[in-house]
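*Asks:* Need coordinates for the below:
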Amino acid sequence: MTQDIPLTWFLYFASASFAIGLMGVLVRRNPIAVLMAIEIMLNAANINLVAFWRYGTPPPGEGPITGVMLAIFVITIAAAEVAVGIGLILLCYRRWHASDVDRYDTMSG
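*Replies:* Sure, this is the predicted structure:
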């Protein structure tokens with residue numbers, strides 16, 4: 001089963017996804033689009049975690065599904081990041097009446 005798709009294909013896909021997410025964070029000005037780009041980057045990390053778990057051999061004494069458990073942990077952290085991020089975006093929009101991340105450069109009104 002592990003010989004169906006080579007590990008390098010997963011690594012290429014994850015690196016391309018991470019690059020697209022990084023470009024989205026650096027280029028976009030809409031805070032919701034920036035959060036979505038961060039999610040793409042986190043999913044690229046999850047692809048690497050699961051691919052290395054699937055194609056690697058676990059060391060002695062290590063759990064059998066370590067990569068999957070780490071990926072679930074990253075998904076949980078990403079959900080919390082989105083909840084806090086949306087709250088901050090709504091708060092900033094109420095304060096500055098703009099959805100441009102360049103406007104959010106100061107803590108005062």
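
*Asks:* remind me which residues of this structure are low pLDDT?
*Replies:* 1-3, 58-63, 106-109 (pLDDT under 70).

*Asks:* Look up the closest residue to the residue most central in space within it, ignoring the ones flanking it.
*Replies:* For the chain, the residue lying nearest the average C-alpha position, counting by Cα atoms, centre = their mean, turns out to be Leu42 (1.8 Å). Nearest non-adjacent residue to Leu42, counting by Cβ to Cβ, 6 or more residues apart in numbering: Ala78, 4.8 Å away. (Each C-beta comes from the backbone N, C-alpha and C, glycine too.)

*Asks:* what about that neighbour, which helix or strand?
*Replies:* helix 66-96 (DSSP states H and E).

*Asks:* So what's the residue count around Gly21?
*Replies:* By the measure other Cβ atoms under 10 Å, the count of residues near Gly21 is 21.

*Asks:* Asp4 too?
*Replies:* Asp4, neighbours per other Cβ under 10 Å, totals 5.

*Asks:* ok, back up a step: separation between the residue nearest to the centre of the chain and Glu81?
*Replies:* 8 Å (Cβ to Cβ, to the nearest Å).

*Asks:* same check, this time on Pro6
*Replies:* 32 Å.

*Asks:* Looking at those two, which is more packed in?
*Replies:* Glu81 (14 against 11).

*Asks:* which ones are touching the closest residue to that one other than its chain neighbours?
*Replies:* Nearest residue to Glu81, sequence neighbours excluded (Cβ to Cβ, 6+ apart): Ile38, at 7.2 Å. Ile38 sits next to Gly21, Val25, Glu81 when contact means Cβ atoms under 8 Å, 6 or more residues apart in numbering.
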